[in-house]
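> Requesting a structural model of the entry that follows:
(chains A, B and C)
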Amino acid sequence: MYNVTFYLRRLHSLCGLVCLGGFLLEHILTNARVLISPASFNAAVDLLASIPPQIMIPLEIGLVATPFLFHAIYGAYIGWQAKNNPQNYSYINNIQFWLQRMTAWYLLVFLAWHVFVLRILVKGGGTHISFQLLQSYFQNPVYWVLYLLGMWAAIFHFCNGITTFAMTWGIAKGPRIQKVINAGSMALCALLCLISLAFMAIYLV
Amino acid sequence: MAEQKTVTFVIERQDGPDQKPYTQEFDVPYNPALNVVAALMEIQKNPVTRDGKRVAPVVWECNCLEKVCGACMMVINGKAQQACCALVAQLKQPVHLAPARTFPVIRDLLIDRTVMFESLKRIHGWINVDGSWKVHEAPRQNPYTAQTAYEISHCMTCGCCLEACPNVGPQSDFIGPAPVVQAYLFNINPMGKYDEPTRLNALMEKGGITSCGNSQNCVQACPKNIKLTTYLAQLNRDVNMQALKNIFNN
Amino acid sequence: MAKATAKNRIAVVGGGISGLMATLKICEAGGEVDLFSYCPPKRSHSLCAQGGMNACMDTKGEGDTTYIHFDDTVYGGDFLADQVAVKGMCEAAPGIVEMFDRMGVPFTRTAEGVLDLRNFGGQKKKRTVFAGSTTGQQLLYALDEQVRKWETKGQVHTYIFWEFIKIIKNKQGVCRGMVAQNMNSMEIKAFREDAVILATGGPGQIFGLCTASTICNGSAVGAVYAQGAHIGNPEFIQIHPTAIPGTDKNRLMSEACRGEGGRIWVYKNGQPWYFLEEKYPDYGNLVPRDIASREIFDVCVNQGLGVDGENKVYLDLSHIPADYLERKLGGILEMYSEFMGQDPRKVPMTIYPSVHYSMGGIWVDREHNTNIPGLMASGECDYQYHGANRLGANSLLSAAYSGTIVGPVAMKWATRCNKLREMEGWLARKSKGESLMAAQEKAIAQPSDSDLRLYEESLKEARSIHMVMQPKIESDGTEKPPVIDQNNLYALRMEMGDELTDEELEAARQECVNEFENILQMNGEENAHELHQELGRLMNKYVTIERVNKDLDFCFGEVKKILARWNNIGVTDRGHWANQEAMFVRQLRNMILYALVITKAARMRDESRGAHFKREFPNRDDEHFMKITVADYDPKTEEPVITYEDFDHSLIKPRARTYGSK
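Predicted structure coming up:
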């Protein structure tokens, strides 16, 4: 009657790209400061930490946690309704569609772990996040690999999301523009993946 | 290549809607123009499996054999397509045939596609003419728009796009690319345009266009080469505009 | 109390253009339709019409008139079509096109947005409206959409995947219902109907390989023929000269190929022999269809020169520049490579004439009534409009036009049925009421205690009937008594006869059930599909392009043998779920009966006219055969009885048909 599904789906698309996408970019940019120097990274973290919790907590809840929970829960419901078939229809777009869902399932678990450990246990417990802390954290190669995969999964999910966003919102209509946008977003994906690999590599050195 | 004598078909069969599927293999005499329907017809004339068992002939649906009726869609070597134009010479052998399980299976390769025709009702898939009597001269139409309409109007409701779409199936309520895109056919008609909001609102409902996940399999699977994803994007645009109108004009 | 004024209920069998058009007309007139089709309407054979639909739109400045269209059609049909009927069709054609246009058919348009016209065989003017190369598909879809709209309004009840088995006649021989079977659940059901319209299409499958869909088996026509419906002009079967032979079907290859320079040839003594060009130097490969068909037949069958010893010849486009071909024939050539796996731009295509259309069919009058009252026929399954040969692009027109005629006719008939039902019902209640009143009066005069309870009950009933008998303006479910005109009542009774009783319906159903169960038990040696193939081979060999009396006699005997062998079919599938084999066995018998009709009628017509050609009688014989063939079923011999009937050819005087000299 009121087309609730329609608005939920559009909201899902919007908060995925804008809120979560924005937060992801922020993450990448901050973490990439490691590439300049560990000190630079620490400074960036400190800057963020200097925002008083009265402002930070509502921001985190309103712009990150809530959209994330909505995107995750509703996304799981959507993902559940797909019968993935890249083995029979191995077209690029279909593989992307499948990866979108696979990365989503991975991110669901990974982010729960990541948020619980780093944001709630560590930071919430009053420990200051710093390069040194992360470096010791990543001494465990399993953690390092899982984090890199999580990073890549999030980046792919976001970049592929740009393509589908262009489609869902009727921005890209013809096959050519759809192809161009897809190529662009996949290029962005590759770039961001490289950057994340680079800053993750620093922790190994 | 040596002269080929026979082709083996591995057919997924099922005696009824609630029965368990099983496979049977048949050998069919080969000829270069053999297609899957012709092979099934051969099996009909001599329904004996490779191991010499006499069985009930395979049940399937076909009409025109010219790729216009859409009846003989089935899953051939994993891909949904029309059986009548699936040339055996171009297929990997043995050829695997299976019913399109996106739809309820009636028997063997015969499936129930009623849902597609019901979806056409849902999207108001018609021009609301007053009657078949003489009214007035029909309106002129932009020949280019008419060309687009002609392209979309080739849709033969075969169900390839639904079978290929990962978002259509018993697990989901998505009506599928074909019926959604049909809405656009009527929306671009000079008289069909009058009912555009009705159709767009219907597409906004649960199982409508929002269930599209952009896997883009439909446009690859369409045997009529209808640019489904293009019209889906256009409809997305139209539906979004309609949503804004619904919010701000009421 | 049941409401006596039910809506008119009409069965339409067949969901092609004609059936859907009739359905639409009935719905618009307020009737209800039971639409039977053994495939979804969108998959009907009307789809396969490619070229277009003829209608005098006269938008090309050629001064086309409906009269020229009429003349072309009659001339093309070799003067064997009812001229009044044809004239009606040609005059209605532009209106039908406009209707289709309003329904959203994506016709091909000129740059200024009006309908484009193309040339077609046998016509003097550009007169063919078209939607690319899929006109039939587009027209069918438009009607399907309109019918779907009526379905949502509840006036169309679709029985998709139900197969028509036979009609039910009442004691007076009027068709008042039909029996059909669900093709999945195998349920057999009898339906009470006011009228039955058959729009079941052509009988192509009788010839085995043809350009028709697998569903065009003529089974329904065979069934009603065996129940007494007459068949008109069955011997006229159109053969298209260029079709792609296949093991499953012959696919049409458009005449445009030859128009664009395609050459037909075979090897003779190791050299290419362009036999058409040699024999007809003036026209070459572009001789008229029937001549081309006959020559190809001659080369392959009589001279045995077909490609690889098979019945096919080359249609060669490989000498024409590829880009020119792409521009002119792209779509068609793509179709060829799709189905044959060969590129016609590089290698010659192999083609052979194929059965394409049946001009003949169920005999109908100009209103499409058959000789059985209450049974109508329209579309390719009737015999009207095309005479001895159909012009290209006239089939879509006749399908749609006959639908617009038969729908209202059926509706009128059903309304009269309903009127009679209303009056009979009223009279029955009235007489019952009166006898009850009389009984009451008697009971009051001589009260007897044994009758007391009975009296109470009858009083109650009488009151309720009395209520009905007293018409109320603001009636709450009570009915108004009909005006009963004794003459009218008598006339209607004579016309419609009795309503089918429940017992009659059940008996008809049971008969079909028994028949089906018997088929399931068939335990002989023959395979139905093999038998069908044999029938097709026979018919294709003897009753197509060139007919010889001796051969026709032989063929008739062979088909009779096939009819006998039908009893010896063995069924492998004895189940009661989606049993296509058993249904095919039933269809096959009707097809064999129809094959006998075609063969016999061809044997009897000792002349050459239109699609019917006998070398023994190469000329048209107006003196003896300017008549319609009428075939009637003789249940004793299971053979047709052929008679001839005059028809209206008063408008255009017959003249020699000489396409040969341009």
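> distance of A:T66 from B:Y150?
Distance, A:T66 to B:Y150, by C-beta to C-beta, to the nearest Å: 48 Å. In short, each C-beta sits where N, CA and C put it, glycine included.
> where along chain B do the helices fall?
All helices of chain B, identified by DSSP state H, fall at B:36-45, B:114-122, B:143-152, B:160-164, B:177-187, B:196-204, B:217-221, B:228-248.
> So which of these is the most surrounded?
The highest average neighbour count among those, using mean count of other C-beta atoms under 10 Å in any protein chain shown, belongs to helix B:160-164 at a mean of 28.
> For that one, name the packing helices and strands.
strand B:73-76, strand B:79-82, helix B:177-187, helix B:217-221 (3 or more C-beta pairs under 8 Å, 6 or more residues apart in numbering or on different chains; DSSP states H and E).
> quick one: low-confidence ranges for the stretch 351-500 of chain C?
Residues of the stretch 351-500 of chain C meeting the criterion pLDDT under 70: C:447-452, C:458-459, C:461-481.
> circling back: tell me which of the helices of chain B lies nearest to C:E623.
C:E623 sits nearest to helix B:36-45 of all these, at 46.3 Å, using C-beta to C-beta.
> for the closest one, what is the average pLDDT?
For helix B:36-45, the mean pLDDT works out to 95.
> on contacts alone, who are the packing partners of that helix?
Contacts defined by 3+ C-beta pairs under 8 Å, 6+ apart place helix B:36-45 against strand B:6-13, strand B:22-29, strand B:95-98, helix C:528-542.
> Switch those over to JSON lines; also include distance to C:K249.
Output for the helices and strands packed on helix B:36-45, formatted as JSON lines (distance: least, C-beta to C-beta, whole Å):
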{"stretch": "strand B:6-13", "distance to C:K249": "19"}
{"stretch": "strand B:22-29", "distance to C:K249": "17"}
{"stretch": "strand B:95-98", "distance to C:K249": "19"}
{"stretch": "helix C:528-542", "distance to C:K249": "11"}
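> ok so, going back, looking at the helices and strands packed on helix B:160-164, spot the one closest to chain A.
For the helices and strands packed on helix B:160-164, proximity to chain A was assessed by C-beta to the nearest C-beta; helix B:217-221 is nearest, at 4.9 Å.
> Give the closest residue to B:P223 in space, chain neighbours not counted.
Nearest residue to B:P223, sequence neighbours excluded (C-beta to C-beta, 6 or more residues apart in numbering or on different chains): B:Q82, at 5.3 Å.
> hey, where'd the strands end up in the stretch 301-450 of chain C?
C:313-316, C:349-358, C:361-362, C:375-377 (DSSP state E, counting those that start in this stretch).
> and the angle for the longest helix that chain C contains with strand C:349-358?
Ordering each helix of chain C by length in residues (DSSP H) puts helix C:395-445 first. Going by axes from the mean of the first three to the mean of the last three C-alpha atoms, to 10 degrees, helix C:395-445 is angled at 30 degrees with respect to strand C:349-358.
> Is there proximity between helix C:395-445 and chain B?
Yes - with C-beta under 8 Å from any C-beta of the partner chain as the measure, helix C:395-445 is seen reaching chain B through C:T404.
> A:L14: how many residues sit nearby?
For A:L14, the count of nearby residues is 15 (other C-beta atoms under 10 Å in any protein chain shown).
> Ok, the one 4 residues further on next?
The number of residues packed near A:V18 is 13, by other C-beta under 10 Å.
> what does C:V630 give?
If you count neighbours by other C-beta under 10 Å, C:V630 ends up with 20.
> Tell me the spacing between it and chain B.
Using C-beta to the nearest C-beta, to the nearest Å, we find C:V630 at a distance of 31 Å from chain B.
> what's next to the helix or strand encompassing that residue, contact-wise?
Secondary-structure element containing C:V630, defined by DSSP states H and E: strand C:628-634. In this structure, residues lying in contact with strand C:628-634 by C-beta atoms under 8 Å, 6 or more residues apart in numbering or on different chains are C:80, C:225-228, C:230-235, C:360, C:363, C:383, C:593, C:597, C:600-601, C:604-605, C:640-647.
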